[in-house]
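Asker: no sequence on hand, only this structure:
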């Protein structure tokens with residue numbers, strides 16, 4: 001196994017394992033709304049910083065506006081399509097009506113398949129983005145891994161909250177483990193087969209991933225975070241996450 005592929009495996013396993021651990025903990029200990037909101041704000045700040053500090057400046061330097069437009073538009077279109085198909089039910093992207101529908105299915109013993117499909121698509125997009133970053137040898141791979149670890153932590157908690165009435169503890173753990181496996185496979189495949197150097201394809205993929213991550217921040221993480229009554233400390237968590245990634249980028 002080449003160093004790049006080994007790095008991809010290690011980086012991909014970190015958020016996947018964290019998500020499973022979060023699932024195990026959440027099945028024994030109920031996380032309060034304020035803590036969940038703080039985590040979501042923090043995750044949003046981390047993901048936004050990765051896009052703003054590392055991805056977009058690099059994309060802009062490539063001077064391939066047509067590919068950026070195509071990739072960015074495709075990323076937004078895919079996330080809007082997922083949201084439409086899922087009717088807002090993906091973890092971190094649920095409106096009140098969608099949450100009630102998912103919980104009703106859970107009480108009736110039926111799994112909210114659309115919710116899990118939305119989570120799976122998010123893992124595929126994240127895996128592609130992380131894989132291409134690792135293939136390029138960019139330090140952004142480390143920052144993305146950190147950002148996705150925080151994001152997967154919150155997703156793990158969200159999935160448990162929705163599936164609690166429909167699934168056993170082991171089924172919930174297996175669900176998050178399966179999503180983590182999907183993320184790992186996509187990351188390794190992207191690192192192995194996508195171009196390691198700057199090309200039109202890599203520019204398109206990074207623009208696609210940037211749009212998808214911005215969508216995750218604005219339409220998923222922050223939307224869900226604001227379900228909890230606003231408080232200064234909760235809002236400050238967003239800027240703590242952003243500042244942390246900015247400092248790590250400066251000293252890394």
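Answerer: Yes, it's here. Just so it is clear, the structure is predicted and the values come from calculations on it, not from any experiment.

Asker: distance of residue 82 relative to residue 120?
Answerer: Computed as CB to CB, to the nearest Å, the residue 82 to residue 120 distance reads 10 Å. No exception for glycine: its C-beta is placed from N, CA and C like everyone else's.

Asker: please disregard the earlier target; I meant residue 23.
Answerer: Separation of residue 23 from residue 120 (CB to CB): 16 Å.

Asker: which of these two has more neighbours?
Answerer: Higher neighbour count among residue 23 and residue 120: residue 23, with 26 against 16, using other CB atoms under 10 Å.

Asker: surely residue 222 is in contact with residue 45?
Answerer: No. Shown here, residue 222 and residue 45 do not form a contact pair, counting by CB atoms under 8 Å, at 9.7 Å.

Asker: what is in contact with those two at once?
Answerer: Shared contacts of residue 222 and residue 45, defined by CB atoms under 8 Å, 6 or more residues apart in numbering, comprise residue 238.

Asker: the two: which is more packed in?
Answerer: Taking other CB under 10 Å, residue 222 and residue 45 do not tie; residue 45 has more neighbours (26 against 18).

Asker: just checking, next helix/strand downstream of the helix or strand bottoming out on mean pLDDT in the chain?
Answerer: None of the helices or strands of the chain scores lower by mean pLDDT, DSSP states H and E than helix 96-107, at a mean of 54. Proceeding N to C from helix 96-107, the next assigned helix or strand is helix 113-135, under DSSP states H and E.

Asker: right, and the helix or strand after that following helix?
Answerer: Next along the chain after helix 113-135, taking DSSP H and E as the criterion, comes helix 140-163.

Asker: rounded mean pLDDT for the next helix or strand after that next one, please.
Answerer: Going down the chain from helix 140-163, the next helix or strand is helix 169-193, by DSSP H and E. In this model, helix 169-193 carries a mean pLDDT of 87.

Asker: got the angle for helix 169-193 vs helix 113-135?
Answerer: Interaxial angle, helix 169-193 versus helix 113-135 (axes from the mean of the first three to the mean of the last three CA atoms, to 10 degrees): 40 degrees.

Asker: got the contact list for helix 169-193?
Answerer: Residues from elsewhere that reach helix 169-193 (CB under 8 Å, 6+ apart): 4-5, 7-9, 11-13, 15-17, 19-20, 22-24, 27, 116, 119-120, 123-124, 126-128, 130-132, 134-135, 148, 152, 155-156, 159-160, 163-164, 167.

Asker: return the set of buried residues in it.
Answerer: With burial defined by 16 or more other CB atoms under 10 Å, the residues of helix 169-193 counted as buried are 172-173, 175-180, 182-188, 190-192.

Asker: try stretch 193-210
Answerer: Neighbour counts over stretch 193-210 (16+ other CB under 10 Å) mark 194, 202-210 as buried.

Asker: so among those, where is pLDDT lowest?
Answerer: Lowest-confidence member of those: residue 194, scoring 71 (pLDDT).

Asker: pretty sure that one sits against residue 133.
Answerer: No. Using CB under 8 Å as the test, residue 194 is too far from residue 133 to be in contact (9.9 Å).

Asker: which strands and helices lie in contact with the helix or strand hosting residue 39?
Answerer: Taking DSSP H and E as the definition, residue 39 sits inside helix 33-49. Counting contacts by 3 or more CB pairs under 8 Å, 6 or more residues apart in numbering; DSSP states H and E, helix 33-49 is packed against helix 140-163, helix 222-225, helix 232-251.

Asker: packing partners for the next helix-or-strand element following that helix?
Answerer: Counting by DSSP H and E, the next helix or strand C-terminal to helix 33-49 is helix 56-61. Under the contact definition 3+ CB pairs under 8 Å, 6+ apart, helix 56-61 sits against helix 200-215.
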